[in-house]
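**Student:** Got a predicted structure here, sequence first:
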Amino acid sequence: MLKRVISSSHRIPKWAVRSIVAVVTVLACGVLETAPWRESGVAAPAVAQVSPVSTRVASLPTPTPTLVVVATKRPTPVPVDDMPAKDVAVVEQEPVGFPPLSTYSESLRPEFQSILPNLSHLTRYDMSVEIFPARRMLKGTAVIALRNNSAMVWPSIVFRLPANHPRLNTDMQLERVVVDGLSVQPVLSPSATVATIPLASPLQPGNWARVEFTWFLGYEHLSDEGAYVRNGANQDMINLPHFYPELAVHAPGAPGTDAMGWWIQEIPQHTDIRFHETVLMTVEAVAPSEYVLVGSGAPVHEETVAHGRKRQQWVTGPVRGFVLQASPLYRVSSKNVDGIRIQSFYHAEDESVALRVLDQAAQALGFFSKTWIPYPYAHLNIVASPLAETAMEYSNLIQMGVMRYRSQPWNTAFLVVHEVAHQWIYLLVHNDPVNHPGLDEGLADLSYVYMMETVDQNFNGVRHLGYWQRLNEDFGSRFPGDSPWWLAHPYHDFRHYHATHYRRPAVLLGEIWAYTGHEAFTDKLRHYMGQYQFRITTPEHLIGVFQGSVPQERLTELEEAIGISAAPGS
């Protein structure tokens, strides 16, 4: 056995620490939220008025419906991505045993289904899992077709097993690994979070390999309602964003990669865990029939099977992975926005706030889809999850902490807008969450102010960014040292991490927004997203779109902020 299945007798509970972190997150993320959606009738507690503070963002530009195209002054650098290398011939062939590309079109809006032929090089997952709630276990099988899109010869292939990360409440055991019909013994890292799969014959550029996995996943059930359960179960909710072996990103020369270019970075405290190639997926799950199953793909089939169980199937478009959730308590409501079906899954007691969150998500999705580049998918799920009072983004799925619904029902707008913005920033356009966390988190935080300035005439963006700036300055004064507070390691606490990788980049981006004007800033973001969708960017690529239109000293400061790594010793 490669790694023991979890048992409560040898696992140290981590929910207490996570609960503290969750409270801090709420304080850092939710402060000064002025939700524009007040029709729910939920009264907000009185918020102390904050007097204007000094900030370099003197005034924000007035949004207008006309976009002005401003040309980029220098060629944009080539991103670290998962597109075929230029010197690798693109072979027009489909991996054997997988459905045709048209199968994945069900997850895309009709006007975007034509992009699939250009994505024929993407890795394909065909997964089947069965959940056994009474045993707190999942059994899974996956057949994965992957193409060597690099110019390198691969003697091995690397997969990540994030379920084994100590921050999570799960344990994954690989039972069987087969590559092109041959049984293989994987080599696990000491933490069992990385599995290297040796190949009998090196995989040449442009060629496909077929990898098959069988595995078991044990998960904990944490009883405390305030627990932060990233992977596991709580309050009759099974939450499994990391339930399968994930193909490691291949990015030769990038931070956190090995000599062959595979991203094997250890995941530190606080950062997001998922760094995922763009893939196409078909997934089926079997569970007790009383469970409502939620996946991050488009549901295509559901049927009753033997022994009081049911089977549900999903298909995805080009995504950064799959999330599986289940609960016998979920109810669902939905609405359509421009042909996109948005669904909210929630507990009955949280219905009123869940419906308000559905409206907030619909407005944010419609806003960003019109203002930036169109959202290409046909669906988005909002799912009540055991994340205490926080939230988390995944492709086509946003998790909202169920305790946020109950303890702060008036205070959801900031989290909703932030996570909806992530559907573009981090998911359509991806980045390393450990070495460049500020690249997506700074933009996602600013996106709330950016949207509110447009949709709510009473919202004061200068004041909001000024308050964030003052928080940063106050934080720095509390921790004086030889280096600036944002370069200090290790982090004093989550507030330190949050100020470094969320708030400071957001304030600096706000300064650039004020300097360029709304139309030019919007056009730069649209250019960035349109050019790099389904690809992986670095700070240089965002800086590149502003080069020549913003003073160099501002760009230098921003590049430093979004390029700070959260990895220890970096």
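**Tutor:** Perfect, thanks for sending it.

**Student:** wait, what's in contact with the residue lying closest to His492 once chain neighbours are set aside?
**Tutor:** Closest residue to His492 apart from its sequence neighbours, by C-beta to C-beta, 6 or more residues apart in numbering: Phe479 at 6.3 Å. From N, CA and C alone the C-beta is placed, and that goes for glycine too. Contact analysis of Phe479 by C-beta atoms under 8 Å, 6 or more residues apart in numbering lists 485, 488, 492, 496.

**Student:** show me the residues around the second one that make contact.
**Tutor:** To tie it back to what came earlier, the one meant is Ala488. Contacts of Ala488 by C-beta under 8 Å, 6+ apart are 479, 481, 496.

**Student:** ditto for the first one
**Tutor:** Counting by C-beta under 8 Å, 6+ apart, Trp485 touches 475-476, 479, 496, 499-500.

**Student:** Going by residue numbers, what spans are helices in the chain?
**Tutor:** Along the chain, counting by DSSP state H, helices occupy 15-30, 351-371, 402-407, 413-422, 437-455, 461-478, 494-498, 504-516, 518-532, 539-546, 552-562.

**Student:** if we compare those helices, which one ends up closest to Tyr219?
**Tutor:** With C-beta to C-beta as the measure, helix 15-30 is the member of the helices of the chain nearest Tyr219 (13.3 Å).

**Student:** pLDDT at the closest residue in space to Glu111 that isn't next to it in sequence, what is it?
**Tutor:** Ranked by C-beta to C-beta, 6+ apart and with sequence neighbours excluded, the top spatial neighbour of Glu111 is Pro374, at 7.9 Å. pLDDT, Pro374: 97.

**Student:** and if you look at the one 4 residues further on?
**Tutor:** Note on Ala378: pLDDT of 98.

**Student:** That one and Ala151, how far apart?
**Tutor:** 35 Å (C-beta to C-beta, to the nearest Å).

**Student:** Settle it for me: which of the two has more neighbours?
**Tutor:** More crowded of Ala378 and Ala151, by other C-beta atoms under 10 Å: Ala378, with 20 against 13.

**Student:** which residues touch that one?
**Tutor:** By C-beta under 8 Å, 6+ apart, Ala378 lies in contact with 106-109, 298, 339-341.

**Student:** Isn't Pro539 up against Gly563?
**Tutor:** Yes - Pro539 is within contact range of Gly563, at 4.2 Å (criterion: C-beta atoms under 8 Å).

**Student:** Now list whatever residues contact both of those two.
**Tutor:** Common neighbours of Pro539 and Gly563 (C-beta under 8 Å, 6+ apart) are 436, 439.

**Student:** Look at those two and report which has more neighbours.
**Tutor:** A side-by-side neighbour count of Pro539 and Gly563, using other C-beta under 10 Å, places Pro539 first with 21 against 18.

**Student:** is Ser385 in a bridge, and if so with what?
**Tutor:** Listed by DSSP bridges, the beta-bridge partners for Ser385 are Gly401.

**Student:** Was I right to think it contacts Gly401?
**Tutor:** Yes - using C-beta under 8 Å, Ser385 makes contact with Gly401 at a distance of 6.3 Å.

**Student:** Which of the two has more residues huddled nearby?
**Tutor:** Using other C-beta under 10 Å, the more surrounded residue of Ser385 and Gly401 is Ser385, with 29 against 26.

**Student:** got the contact list for that one?
**Tutor:** Residues near Ser385 by C-beta under 8 Å, 6+ apart: 229, 237, 239, 325, 392, 399-402.

**Student:** repeat for Tyr394
**Tutor:** Tyr394 makes contact with 241, 274, 296, 320-321, 323, 427 under the criterion C-beta under 8 Å, 6+ apart.
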